[in-house]
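Peer 1: With the sequence up front, the predicted model follows.
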Amino acid sequence: QLQLVESGGGSVQPGGSLRLSCAASGSTFTYYAIGWFRQAPGKEREGVSYISRSGGSTDYADSVKDRFLISRDNAKNTVYLQMNSLKPEDTAVYYCAAGLYGSLLSHIYDYWGQGTQVTVSS
């Protein structure tokens with residue numbers, strides 16, 4: 001059973017940056033691709049980014065492309081989401097998820113973290 005814990009959320013002004021972390025334990029981390037998702041109040045959960053098991057393949061939602069960067073450190077069992085040039089519309093609870101294959105579609109993931117709040121406001 002894989003456990004995921006997100007951290008790094010908080011409040012930031014528009015144009016600011018945050019780095020989210022997703023720490024995994026309980027199973028072999030390199031078996032899993034990791035995705036980041038977010039859910040704003042009153043909206044459906046949307047895929048933000050994912051990274052393959054090796055880290056060699058990544059993808060991003062159009063809304064965050066060129067602003068967010070996903071990476072993983074398999075030695076530390078951790079995936080990072082560097083978020084730059086943040087906008088108010090990035091405000092949401094951010095979740096990481098693990099699955100055998102990477103996708104921006106949430107239904108393929110087997111394990112989920114509890115989420116971390118990101119608020120972008122002046």
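Peer 2: Thanks, I have the structure now. Numbers count the residues shown, from 1 in each chain.
Peer 1: CA atoms for contacts and neighbours, from now on please.
Peer 2: Fine.
Peer 1: The residue lying closest to residue 104 once chain neighbours are set aside sits in which helix or strand?
Peer 2: Spatial nearest neighbour of residue 104, excluding adjacent residues (Cα to Cα, 6 or more residues apart in numbering): residue 47 at 4.5 Å. Element membership for residue 47 (DSSP states H and E) is strand 46-51.
Peer 1: And the strands in the chain?
Peer 2: Listed in chain order, the strands of the chain (DSSP state E) span 3-7, 10-12, 18-25, 33-39, 46-51, 58-60, 68-73, 78-83, 92-99, 111-112, 116-120.
Peer 1: Need those strands in a markdown table (columns: distance to residue 105).
Peer 2: What follows is the strands of the chain, written out as a markdown table (distance: least, Cα to Cα, whole Å):
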| stretch | distance to residue 105 |
| --- | --- |
| strand 3-7 | 18 |
| strand 10-12 | 25 |
| strand 18-25 | 18 |
| strand 33-39 | 9 |
| strand 46-51 | 6 |
| strand 58-60 | 12 |
| strand 68-73 | 16 |
| strand 78-83 | 17 |
| strand 92-99 | 11 |
| strand 111-112 | 13 |
| strand 116-120 | 19 |
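Peer 1: which ones are touching the residue nearest to residue 104?
Peer 2: 35-38, 61, 103-106 (Cα atoms under 8 Å, 6 or more residues apart in numbering).
Peer 1: Show the buried residues in those residues.
Peer 2: Listed as buried from those are 35-38, 103-104, 106; burial here means 16 or more other Cα atoms under 10 Å.
Peer 1: Looking at those, which is nearest residue 81?
Peer 2: residue 36 (7.9 Å; Cα to Cα).
Peer 1: Distance-wise, check the nearest residue to residue 76 once chain neighbours are set aside relative to residue 86.
Peer 2: Nearest non-adjacent residue to residue 76, counting by Cα to Cα, 6+ apart: residue 23, 8.0 Å away. Between residue 23 and residue 86 the computed distance is 23 Å (Cα to Cα, to the nearest Å).
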